[in-house]
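Student: Sequence plus predicted model, see below.
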Amino acid sequence: MNTFKDNPVVDSVISVINSSTYVKTDIDQIKRVASWMAYEEFPAKNIGQKSYKKFEAEEHIKSTMLMSCINFAFTDFNTRTKYEVEHNGTVLSDSEAVIHQVNSAIASGHDIADGEVMAGLTFKDLENIFVGNIEMPMLKERVEILNNVGKKLVNSYEGSWIKFIDSCSPNLYHNGEGLVEKLVTEFPRFNDVINFEGSEVKFYKLAQLGYWGIYASLNNSDLFDIEDIDRMSAFADYIVPVALRLFGVINYTDELESDINNGKEILAFSQKEVEIRAHSLYATALLTGEINKLRPLEKSIIIPQLDWRLWKTYHATHWPHHLTKTIMY
């Protein structure tokens, strides 16, 4: 069994992998998929799209961190309909729709990324911002999260995400002072962990994803850096396991397959849900390694680039994904 000591998230899921009942990772299939995927282009999410001035970079950081607070559950749990909005003739789905609406609200002068504003947001405020094809799922939970995060920013960082990030080491992990470490410690909504048979399993989906969104846009500048970006895992969500399942990289028991196909809720923190997320992290780490064996060193990829490739391709697909009511993804 592989270990990933340099990747605290992936390393933490090995205990789940070793005792899985409902989900399996097919190592041979990973090698088969890598044999063709290694020759694809793997751009980071937004690298090279724009040259940012300092104030623009700070606005991007603020809006991305705000988005990371509410980047979860975009499918109606009863109808399985995904949240969508139309913009300039294009249909934006799930998180892309919400990012557009967040940026539109900020551009209109409603600085919802400011800690003081976040602390005072109401249900009605978010209801007016997020107008789509369906009512935004779990809107009440989003209000509570933003209020709590905003209060912490006001009390400890003058209401500023920039001041919080400046207080961290430019690493994900650094003796408790890293970007991920401080975020999950000081803002409990990001502490995406469970106790599994006596072992702490770390998923850290939103904590990592927010920083990846910033890094992918700004790392070509001197405005933001993460010195240990290669220690980032995939982002254990609803969509990546769909891609891995379609590739035959992960496989489900008939029972779990039936649950997902029939829209049965998979309870948060249940064995089934934990296994789906754990195998997503494990399989993407292994697949990244196999891909890199077939690429020149200078074209090596990191796990989030593979995650982006999978998520971007499949996030709007009609193939069923598991349904779990959670604020963590």
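Tutor: Here it is on my side, so go on. Just so you know, these numbers come straight off a predicted model, no measurement behind them. Numbers count the residues shown, from 1 in each chain.
Student: residues contacting the closest residue to Thr122 other than its chain neighbours?
Tutor: Spatial nearest neighbour of Thr122, excluding adjacent residues (CB to CB, 6 or more residues apart in numbering): Val143 at 6.8 Å. To be clear about C-beta, it is placed using only N, CA and C from the backbone, and glycine gets the same treatment. Shown in contact with Val143 (CB atoms under 8 Å, 6 or more residues apart in numbering): Leu121, Thr122, Phe123, Asp125, Leu126.
Student: Go through those residues and flag which are in helices.
Tutor: Per DSSP state H, helices hold the following members of the contacts of Val143: Phe123, Asp125, Leu126.
Student: Can you lay out the residues you listed as JSON lines showing pLDDT and distance to Asn18?
Tutor: JSON lines is the format used below for these (pLDDT from 0 to 100; distance: CB to CB, whole Å):
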{"residue": "Phe123", "pLDDT": "98", "distance to Asn18": "43"}
{"residue": "Asp125", "pLDDT": "97", "distance to Asn18": "46"}
{"residue": "Leu126", "pLDDT": "97", "distance to Asn18": "41"}
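Student: Compare the residues you listed and tell me which is most surrounded.
Tutor: Neighbour counts for the ones in helices among the contacts of Val143, by other CB atoms under 10 Å, peak at Leu126, which reaches 19 neighbours.
Student: Report the contact partners of that one.
Tutor: Per CB under 8 Å, 6+ apart, neighbours of Leu126: Met136, Leu139, Arg142, Val143, Leu146.
Student: again with Asp230
Tutor: Counted by CB under 8 Å, 6+ apart, Asp230 has contacts Asp6, Ile302.
Student: Next: the one 4 residues further on.
Tutor: Ala234 sits next to Val240, Ser280, Leu281, Thr284, Ala285, Ile303, Pro304, Leu306, Asp307 when contact means CB under 8 Å, 6+ apart.
Student: quick one: what helix or strand has the fourth one in it?
Tutor: Here Thr284 is covered by helix 271-293, with elements defined by DSSP states H and E.
Student: Give me the distance from that helix to the chain's centre.
Tutor: With CA atoms, centre = their mean, to the nearest Å as the basis, helix 271-293 stands 14 Å off its chain's centre.
Student: for that helix, what is the average pLDDT?
Tutor: Taken as a whole, helix 271-293 has a mean pLDDT of 98.
Student: That one packs against which elements?
Tutor: Packing contacts for helix 271-293, counted by 3 or more CB pairs under 8 Å, 6 or more residues apart in numbering; DSSP states H and E, involve helix 8-12, helix 14-18, strand 23-25, helix 27-37, helix 239-246, strand 250-252, helix 254-261, helix 303-314.
Student: ok, now with 6 Å
Tutor: Applying 3 or more CB pairs under 6 Å, 6 or more residues apart in numbering; DSSP states H and E, one finds that helix 271-293 contacts helix 14-18, strand 23-25, helix 27-37, helix 239-246, helix 303-314.
Student: All the helices of the stretch 101-250 of the chain, residue numbers only.
Tutor: Here the stretch 101-250 of the chain has its helices, by DSSP state H, counting those that start in this stretch, at 115-120, 123-129, 139-157, 161-166, 179-186, 205-218, 239-246.
Student: For Lys312, which of those helices is the nearest?
Tutor: helix 239-246 (9.2 Å; CB to CB).
Student: List the buried residues in that closest one.
Tutor: Ile239, Val240, Pro241, Val242, Ala243, Leu244, Arg245 (16 or more other CB atoms under 10 Å).
Student: again with stretch 218-235
Tutor: So, applying 16+ other CB under 10 Å, buried residues of stretch 218-235: 218-220, 223-224, 226, 228-229, 231-235.
Student: can you tell me the distance between the two ends of it?
Tutor: Stretch 218-235 has an end-to-end distance of 20 Å (CA to CA, to the nearest Å).
Student: same deal with stretch 310-323?
Tutor: End to end - CA to CA - stretch 310-323 spans 19 Å.
Student: Residues touching it, excluding its own?
Tutor: Phe77, Ser93, Tyr238, Ile239, Val240, Val242, Ala243, Ile260, Asn261, Glu265, Ile266, Ile276 (CB atoms under 6 Å, 6 or more residues apart in numbering).
Student: Show me what counts as buried in that stretch.
Tutor: Under 16+ other CB under 10 Å, the buried positions of stretch 310-323 are Leu310, Trp311, Tyr314, His315, Pro320, His321, His322, Leu323.
Student: next one: stretch 255-264
Tutor: So, applying 16+ other CB under 10 Å, buried residues of stretch 255-264: Leu256, Asp259, Ile260.
Student: what's the distance between it and the middle of its chain?
Tutor: With CA atoms, centre = their mean, you get 23 Å for stretch 255-264.
Student: Val180 contacts Leu172, correct?
Tutor: Yes - using CB atoms under 6 Å, Val180 makes contact with Leu172 at a distance of 4.6 Å.
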